[in-house]
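*Asks:* Build the 3D model from these lines:
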Amino acid sequence: MSFESQSVERKELAILRILSESTESLGARVIANHLKEYGFELGERAVRYHLRLMDERGLTYLMGQRDGRVLTDKGMEEVRSALVNDKVGFAISKIENLSFRTTFDPEKRSGLVPVNISLFNKEDFKRALKAMKPAFDSGYCTSDRVAIASEGEQLGEVTIPPGKLGLATVCSIVFNGSLLKAGVPMDSRFGGILQVRNKQPLRFTELIDYSGCSLDPSDIFINARMTSVGEAARNGDGKLLANFREIPAICRTVATKVLADLEEAGFKGLVIIGNTSDPVCEIPVGFNKMGMILLGGLNPIAAAEEVGIGADNMGMITVMEYEDMVNFRDAVINYRDLERFWEVSV
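*Replies:* Below is the predicted model:
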């Protein structure tokens, strides 16, 4: 394959990925804006050209009279079986993009925070909230701030599809973004399963390297039923979703201040931060680096999955205004008040 052909294929793959992450049809202008996150500067006219080619190949389909496109089944399959070289490292790319887009100010309690979006069947949602409550109460999350939306409404840039209710949970990338804004570089190394005993971190039992992964590790662990978040919330022993990061030791003073400000603002997802070059929970740490363990934002969702309540998870998917989110307890109360308007069958 020529270099030019590879370049075209990567652009078209990026367009397919953007469409696969959307729950509604997208036009050329919106796609062109999203392509910047993938490093492609294409105008609307160029995007329309690629869309027409993909229409002819049966990968996309034009919705209505305007240029909004959706993926066909063939297009979705193309995304799943895309070039391996383009898929490897996709998770770390999403982390870097969302870190840059994070603008949360702990002092003002405002700005954009990175979120995960989980889509539940309407009839399962009330049971899911009950299953998630112990995880939020125990602090096994990045933050207790959430947002709920019904079909047709939006959470960040994600529109909730028919028959679903959406729940936004804060993603641990908020720590990356806040440290980045303070000039502290962070190396996101692994997503994994952290074993806790008597509510204390013990060791990682499973690890997936972000730099070599094409999927969000949390999604993999949840789908494989490898967590026991509910058990950890009940008796202090279990397996949680967690992430392993590293920062330069020279940044300790600045990092400690940022982390303290985030904790004061309600972001309590930091499990532990180690000493210079010392292993953390049996994970080796680089020279002149400090290891850090953060809880995964999808732990409450994992707790629901553990009792048989499935969800379509879009981890590390978008950003939301912090002020548009409320604490979990208030979200539950608001949901109950709105049930009769949403006509939820429970």
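
*Asks:* Name the next helix or strand downstream of the helix-or-strand element of the chain with minimal mean pLDDT, please.
*Replies:* One helix or strand of the chain scores below all others by mean pLDDT, DSSP states H and E: helix 84-87, with a mean of 58. Sequence order places helix 90-101 as the next helix or strand after helix 84-87, per DSSP states H and E.

*Asks:* next SSE after that following helix?
*Replies:* Next along from helix 90-101, by DSSP H and E: strand 112-121.

*Asks:* what's the spacing between the closest residue to N327 other than its chain neighbours and M314?
*Replies:* Closest residue to N327 apart from its sequence neighbours, by C-beta to C-beta, 6 or more residues apart in numbering: D144 at 4.9 Å. Where C-beta positions appear, they are placed from N, C-alpha and C, glycine not excepted. From D144 across to M314, the span is 20 Å (C-beta to C-beta, to the nearest Å).

*Asks:* Likewise for Y38?
*Replies:* 17 Å.

*Asks:* more crowded one of those two?
*Replies:* Legend: neighbour count by other C-beta atoms under 10 Å for Y38 and M314, higher for M314 (21 against 18).

*Asks:* what sits against the closest residue to the more buried one other than its chain neighbours?
*Replies:* The shortest distance from M314 to any non-neighbouring residue, by C-beta to C-beta, 6+ apart, is to I117 (4.5 Å). I117 makes contacts with L155, G156, V158, G166, L167, A168, N313, M314, I317, T318, as judged by C-beta atoms under 8 Å, 6 or more residues apart in numbering.

*Asks:* Likewise for V196?
*Replies:* Contacts of V196 by C-beta under 8 Å, 6+ apart are L202, A232, G236, D237, G238, K239, L240.

*Asks:* Sticking with it, tell me its helix or strand.
*Replies:* Going by DSSP H and E, V196 is in strand 187-197.

*Asks:* what's the answer for P201, then?
*Replies:* strand 200-209.

*Asks:* May I see the buried residues of that strand?
*Replies:* P201, F204, E206, L207, I208, D209 (16 or more other C-beta atoms under 10 Å).

*Asks:* Out of the residues you listed, which is nearest to N327?
*Replies:* P201 (24.7 Å; C-beta to C-beta).

*Asks:* thinking that closest one is in contact with G274, fair?
*Replies:* No - using C-beta atoms under 8 Å, P201 is not in contact with G274; the gap is 11.0 Å.

*Asks:* how about the strands of the chain, start to end?
*Replies:* In the chain, the strands defined using DSSP state E lie at 60-62, 69-71, 112-121, 145-150, 154-155, 158-159, 164-170, 187-197, 200-209, 238-248, 270-273, 289-295, 312-321, 326-327.

*Asks:* Including distance to A131 and mean pLDDT, could those strands go into JSON lines?
*Replies:* Putting the strands of the chain into JSON lines (distance: least, C-beta to C-beta, whole Å; pLDDT from 0 to 100) gives the following:
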{"stretch": "strand 60-62", "distance to A131": "37", "mean pLDDT": "89"}
{"stretch": "strand 69-71", "distance to A131": "32", "mean pLDDT": "90"}
{"stretch": "strand 112-121", "distance to A131": "11", "mean pLDDT": "96"}
{"stretch": "strand 145-150", "distance to A131": "14", "mean pLDDT": "94"}
{"stretch": "strand 154-155", "distance to A131": "20", "mean pLDDT": "91"}
{"stretch": "strand 158-159", "distance to A131": "22", "mean pLDDT": "85"}
{"stretch": "strand 164-170", "distance to A131": "12", "mean pLDDT": "95"}
{"stretch": "strand 187-197", "distance to A131": "19", "mean pLDDT": "96"}
{"stretch": "strand 200-209", "distance to A131": "22", "mean pLDDT": "95"}
{"stretch": "strand 238-248", "distance to A131": "14", "mean pLDDT": "97"}
{"stretch": "strand 270-273", "distance to A131": "22", "mean pLDDT": "94"}
{"stretch": "strand 289-295", "distance to A131": "17", "mean pLDDT": "97"}
{"stretch": "strand 312-321", "distance to A131": "15", "mean pLDDT": "92"}
{"stretch": "strand 326-327", "distance to A131": "18", "mean pLDDT": "94"}
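
*Asks:* can you list these in JSON lines and add distance to L42?
*Replies:* As requested, the strands of the chain are exported to JSON lines (distance: least, C-beta to C-beta, whole Å):
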{"stretch": "strand 60-62", "distance to L42": "15"}
{"stretch": "strand 69-71", "distance to L42": "14"}
{"stretch": "strand 112-121", "distance to L42": "25"}
{"stretch": "strand 145-150", "distance to L42": "30"}
{"stretch": "strand 154-155", "distance to L42": "25"}
{"stretch": "strand 158-159", "distance to L42": "23"}
{"stretch": "strand 164-170", "distance to L42": "29"}
{"stretch": "strand 187-197", "distance to L42": "28"}
{"stretch": "strand 200-209", "distance to L42": "31"}
{"stretch": "strand 238-248", "distance to L42": "33"}
{"stretch": "strand 270-273", "distance to L42": "39"}
{"stretch": "strand 289-295", "distance to L42": "35"}
{"stretch": "strand 312-321", "distance to L42": "21"}
{"stretch": "strand 326-327", "distance to L42": "38"}
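
*Asks:* These: which one's closest to H50?
*Replies:* Nearest of the strands of the chain (C-beta to C-beta): strand 60-62, 9.3 Å.

*Asks:* what helices or strands is the closest one leaning on?
*Replies:* The contact analysis (3 or more C-beta pairs under 8 Å, 6 or more residues apart in numbering; DSSP states H and E) places strand 60-62 against helix 44-56, strand 69-71.
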